[in-house]
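# After the sequence you'll find the predicted model.
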2 protein chains.
Amino acid sequence: MKGHEPGRITIGEAARLTGVSAKMIRYYESIGLLPAPIRAESGYRTYGAADLHTLRFVRRARDLGFSMEAIGDLLALWRDRSRSSAQVKAIALDHVAALRRRIAELEGMAGTLSDLAERCCGDERPDCPILDDLAERPDAGTSPRP
Amino acid sequence: MKGHEPGRITIGEAARLTGVSAKMIRYYESIGLLPAPIRAESGYRTYGAADLHTLRFVRRARDLGFSMEAIGDLLALWRDRSRSSAQVKAIALDHVAALRRRIAELEGMAGTLSDLAERCCGDERPDCPILDDLAERPDAGTSPRP
DNA sequence: CCTTGACCTTCCCATCATGGGAAGCCCCAC
DNA sequence: GTGGGGCTTCCCATGATGGGAAGGTCAAGG
């Protein structure tokens, strides 16, 4: 079917051109994130320029860590000419806040753990403040003690 | 069976005392992270003081973001009197490095996205640099442009 | 003694985004 | 017409967790 319906390509080519795997393209279709594409007579999915544009959009949104749900919302706004930029901004800022919360969590862990590692001599002897802490610490704070 | 084998408690009490859910205790047992506990005649799992100690260890390691696999290694070292602290420190430092890599990724996302959001006026008009970027950005870098 | 309610057991299913793989059809080049 | 690679669908797995059903057990109270 290649080059038979003009300019429409197969899923594998779409995957190569957009950086979204063929598996994922089918998955996004199955969860309703992407519309079902036109099929060739063979049953093969065929994608046109607009579809590739959408796939790249999804790919970039994933690279920014958006959830599938948020990407669905962003796609809908993208297609909606009467959207307000405030709606888009709200989704983006929510996500930034979630990212910053997650970063703070991970920094707590990394801080605690590198404090402990610093106090561990790391030689052939068994004594180790890291294990002592895991075994004895009264409770589960992840922030480095002040 | 409570108070019948001395000092041994049920899974629900162990969960309450350690902050690890009963579901998770069974799961950890099923994947071989924890040894199978002594069963009462009824078939109920019973836990003693040493088991609680282990459960708290696991809980704290999870709070620090260690994977199950790493926790298995840490538990083995904890029980091994002939361990070297260097082994423990290596696991901890690997994890710190992984945490810092992840933090850098998330910061890249948050940075890019808050840059974009800052340039989005966020009013009732549809024009939005965030959507423009998702739709047009040449490729998927997540670092804020320098 | 029997009921009630809380607790335990096992087993299965769902999440989220992704990959792996099998069985079978299709297309193109030789 | 044959071979190889690409496409289809369908099922399974991940990691760590929760939800829930069906059925056994225990302790307290009538």
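That came through, no problem.
# The residue of chain A most remote from its centre and chain B: what is the separation?
Distance from the C-alpha centroid of chain A, by C-alpha atoms, centre = their mean, peaks at A:Arg125 (42.4 Å). Note on A:Arg125: its distance to chain B, by C-beta to the nearest C-beta, to the nearest Å, is 6 Å. In short, each C-beta sits where N, CA and C put it, glycine included.
# I'd say that residue and B:Ser84 touch.
Yes: assessed by C-beta atoms under 8 Å, A:Arg125 is found in contact with B:Ser84 at 6.7 Å.
# what about the helices in chain A?
Ranges of helices within chain A are A:11-18, A:22-30, A:49-63, A:68-79, A:85-118, A:129-136, based on DSSP state H.
# does the fifth one come close to chain B?
The reference is to helix A:85-118. Yes: using C-beta under 8 Å from any C-beta of the partner chain, helix A:85-118 reaches chain B at A:85-86, A:88-90, A:92-93, A:95-96, A:99-100, A:102-103, A:106-107, A:109-110, A:112-114, A:116-117.
# any idea how far B:Gly122 is from A:Asp73?
According to C-beta to C-beta, to the nearest Å, A:Asp73 stands 16 Å off from B:Gly122.
# Quick check: residues of chain A near DNA strand C?
Contact residues (C-beta under 7 Å from any atom of the strand) of chain A with DNA strand C: A:1-2, A:4, A:21, A:23-24, A:27, A:40-44, A:62, A:67-69.
# buried set for stretch A:38-46?
A:44-46 (16 or more other C-beta atoms under 10 Å in any protein chain shown).
# the domain parsing of chain A - what is it?
Domain assignment of chain A by automatic domain parsing yields the ranges A:1-65, A:84-146.
# which sections of chain A are below the confidence cut-off?
A:1-5, A:138-146 (pLDDT under 70).
# Count the residues that sit near the residue in it that DNA strand D sits nearest to.
Using C-beta to the nearest atom of the strand, A:Gly12 is the residue of chain A that sits closest to DNA strand D, at 2.4 Å. A count of nearby residues for A:Gly12, using other C-beta atoms under 10 Å in any protein chain shown, gives 13.
# list the contacts for the residue nearest to it when sequence neighbours are not counted?
Of all residues not flanking A:Gly12 in the chain, A:Ala22 sits nearest, at 5.6 Å (C-beta to C-beta, 6 or more residues apart in numbering or on different chains). Contact analysis of A:Ala22 by C-beta atoms under 8 Å, 6 or more residues apart in numbering or on different chains lists A:11-12, A:14-15.
# List only those of those flagged as buried.
Applying 16+ other C-beta under 10 Å to the contacts of A:Ala22 flags A:11, A:14-15 as buried.
# And these, which is closest to chain B?
Closest approach to chain B among the buried ones among the contacts of A:Ala22 (C-beta to the nearest C-beta): A:Ala15, at 14.7 Å.
# So the closest one sits against A:Tyr28, correct?
No: assessed by C-beta under 8 Å, A:Ala15 is found out of contact with A:Tyr28, at 11.6 Å.
# what's the closest of the residues of chain A next to DNA strand C to B:Ala50?
A:Ser67 (41.4 Å; C-beta to C-beta).
# and stretch A:73-92, which residues are buried?
Here stretch A:73-92 shows A:73-75, A:77-78, A:83-85, A:87-89, A:91-92 as buried, counting by 16+ other C-beta under 10 Å.
# can I get these in CSV with distance to DNA strand D?
Below are those laid out as CSV (distance: C-beta to the nearest atom of the strand, whole Å):
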residue, distance to DNA strand D
A:Asp73, 22
A:Leu74, 23
A:Leu75, 21
A:Leu77, 28
A:Trp78, 24
A:Arg83, 31
A:Ser84, 34
A:Ser85, 33
A:Gln87, 29
A:Val88, 28
A:Lys89, 29
A:Ile91, 23
A:Ala92, 25
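# Alright, calling it a day.
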